[in-house]
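S.K.: just coords:
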């Protein structure tokens, strides 16, 4: 079993002899020994605004009573959690040439994405560091005023405000 899994890779359970008798849905995609349809064109990230890979609260593990109830932690529900601090700190220690490489690579890689995804990413860059966001917005050809306005929303409001792929 486990001693040989390194040879088979993360998809060991998709090899017919190792496959479960019931359907199993997981987040692993691509990789060595993939033997199925690899989820086709479904988005490869979670959470997402298309409703694929949506959380299923009815099948979550029940809270454990360990000196009080313990639940799954969701940073988007914690107003004290700054999810963007680490990204901003990294940006501020990067050399100018590394910053330029990051901006150009990101702008090039995100170019085929829909406008709503570009705006969400721009907001995240802006929340990490205003200069980082501004430079990404310029490279991606987005509207800075719109990014600033969107950055004032909660994560849930941002996702709701950017559901339209065309972002009219």
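M.R.: That came in fine, so what should we check first? Every value quoted in this text rests on a predicted model; they were computed, and no experiment measured them. Residues are numbered from 1 along each chain as shown.

S.K.: can we go C-alpha only for contacts and neighbour counts from here?
M.R.: OK.

S.K.: residue 120 and residue 148, how far apart?
M.R.: 11 Å (CA to CA, to the nearest Å).

S.K.: which neighbours do the two share?
M.R.: Both residue 120 and residue 148 lack any common contact, where contact means CA atoms under 8 Å, 6 or more residues apart in numbering.

S.K.: what's the offset of the helix or strand of the chain with the lowest mean pLDDT from the middle of its chain?
M.R.: Ranking every helix and strand in the chain by mean pLDDT, DSSP states H and E puts strand 69-70 at the bottom, with a mean of 74. Distance of strand 69-70 from the chain centroid (CA atoms, centre = their mean, to the nearest Å) equals 26 Å.

S.K.: before we move on, what about stretch 98-113?
M.R.: With CA atoms, centre = their mean, you get 16 Å for stretch 98-113.

S.K.: swap in stretch 128-138?
M.R.: 19 Å.

S.K.: check stretch 139-150 too.
M.R.: That offset, for stretch 139-150, works out to 20 Å (CA atoms, centre = their mean).

S.K.: then stretch 93-104?
M.R.: Its chain's C-alpha centre and that of stretch 93-104 lie 22 Å apart, by CA atoms, centre = their mean.

S.K.: can you give me the helices in this protein?
M.R.: Using DSSP state H, the helices of the chain run over residues 5-8, 85-93, 96-110, 115-128, 130-140, 144-151, 155-161.

S.K.: I'd like those helices as TSV, with mean pLDDT, mean neighbour count and distance to residue 21 appended.
M.R.: Output for the helices of the chain, formatted as TSV (pLDDT from 0 to 100; neighbours: other CA atoms under 10 Å; distance: least, CA to CA, whole Å):
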stretch	mean pLDDT	mean neighbour count	distance to residue 21
helix 5-8	76	11	19
helix 85-93	96	14	42
helix 96-110	97	14	39
helix 115-128	96	22	37
helix 130-140	98	19	47
helix 144-151	97	16	46
helix 155-161	87	14	37
